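Chemist: below: sequence and its predicted model.
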Amino acid sequence: MQAAPIVFKKVWMGRHIKKAHSIVILGAVGIICLDLIVETALLPLLYRGIPVPFKESGKPIGAVLLPATFFNVLLIATNILVFAYLLHKAGFNLGLVPKTRDDWLDVLAFFIFLISGMAMWYAPILLLTFLISGVLLVAGQLS
């Protein structure tokens, strides 16, 4: 059994390919700039009322950092989704953009999970949405 020969062709980079590359690069720069603005504007709001440096108490210090952790994971997940969408529109299919209704439901549940995880420090009733969206994420993967 012989393997088929691999033929490399010299491909001319067309104007539409250059335009797609520039759209992807400008989109990435725009996403990073938007992240910096959101991070510097909203992160101090998460730490409002929390004494820095932290005073000694019986509570673990990780609970204070929980909203900021969920906020940063939310920013990272949003960046990945937006960048994958930009690449999809430019013609590069990474497989990260949801296509079916169930995929979009999983993405929505994940973002609700992150937002409620960030906000439950300030409104404890959001623990319920945190738990429901977490169960929905796990149940969606099992089915």
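Modeler: Ah, there it is. On a predicted model such as this, the values are computed, not experimentally measured, just so you know.
Chemist: which residues touch stretch 21-31?
Modeler: Contact with stretch 21-31 is made by N79, V82, F83, L86, L87, K89, A90, F92, as judged by C-beta atoms under 8 Å, 6 or more residues apart in numbering. Quick note: C-beta positions are derived from backbone N, CA and C, even for glycine.
Chemist: quick one: distance of the lengthiest helix in the chain to the chain centre.
Modeler: Ranked by residue count and defined by DSSP state H, the top helix of the chain is helix 15-46. With C-alpha atoms, centre = their mean, to the nearest Å as the basis, helix 15-46 stands 13 Å off its chain's centre.
Chemist: what's the mean pLDDT across that helix?
Modeler: Per-region confidence: helix 15-46 scores 77 on mean pLDDT.
Chemist: report the buried residues of that helix.
Modeler: Along helix 15-46, these residues count as buried under the neighbour rule (16 or more other C-beta atoms under 10 Å): A20, V24, G27, I31, L46.
Chemist: one more: stretch 82-90?
Modeler: Applying 16+ other C-beta under 10 Å to stretch 82-90 flags F83, A84, L86, L87, A90 as buried.
Chemist: distance to L136 added to the buried residues of helix 15-46, as JSON lines?
Modeler: Converted to JSON lines, those look like this (distance: C-beta to C-beta, whole Å):
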{"residue": "A20", "distance to L136": "36"}
{"residue": "V24", "distance to L136": "33"}
{"residue": "G27", "distance to L136": "30"}
{"residue": "I31", "distance to L136": "27"}
{"residue": "L46", "distance to L136": "25"}
